[in-house]
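**Student:** Provide a 3D model corresponding to the input given below.
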Amino acid sequence: MRSLGACRNAERPRYGRRAHNWRPARPSEGGHTILRLLGAKADLIHIDADHHYAPAKRGMERYLELLAPDGVMICDDLGRFPGVTEAAKEIAEEHNLFAIKQREKIVLSRLEIAERMGLTSDGRHDRVATQG
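**Tutor:** Model (predicted):
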């Protein structure tokens, strides 16, 4: 494993003197912790993370707590990765969310928001509506 200093030096030819500003990306869990401690609420959350069931579901659940009441969450890589698809469907059912699946993405919102937008009728809905 390369040290942070070695990584910075490797990037120096590409970025010149700005290489000292380079930092490795933090994992999603670190980002979640920081946002939670700040009391952040997001209108839009996009998750494109782990492609296995357990970590995908854990990530969706953790970030769902940061979603604003009128917010939406977009999860990527459905279809190609069955674990992500299964996790998203379970999250929708367990948290009473409305879900629209479009190709390899799924958009999750609270049911009340979907009803206000006219996406459901008579309070009845499919947990995962499919478009396109």
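
**Student:** C-alpha only now, for contacts and for neighbours.
**Tutor:** OK.

**Student:** A helix includes Pro69, no?
**Tutor:** No. Per DSSP: H, G, I helix; E, B strand; the rest coil, Pro69 lies outside any helix segment and is strand.

**Student:** Identify the residues contacting the nearest residue to it once chain neighbours are set aside.
**Tutor:** Residue nearest to Pro69 in three dimensions, not counting chain neighbours: Arg110, with 7.5 Å by CA to CA, 6 or more residues apart in numbering. Shown in contact with Arg110 (CA atoms under 8 Å, 6 or more residues apart in numbering): 69-72, 96-98.

**Student:** Now render those residues as CSV, adding neighbour count, distance to Ala54 and pLDDT.
**Tutor:** CSV is the format used below for the contacts of Arg110 (neighbours: other CA atoms under 10 Å; distance: CA to CA, whole Å; pLDDT from 0 to 100):
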residue, neighbour count, distance to Ala54, pLDDT
Pro69, 14, 25, 85
Asp70, 13, 26, 86
Gly71, 17, 24, 88
Val72, 23, 21, 87
Asn96, 15, 20, 85
Leu97, 24, 19, 86
Phe98, 25, 21, 82
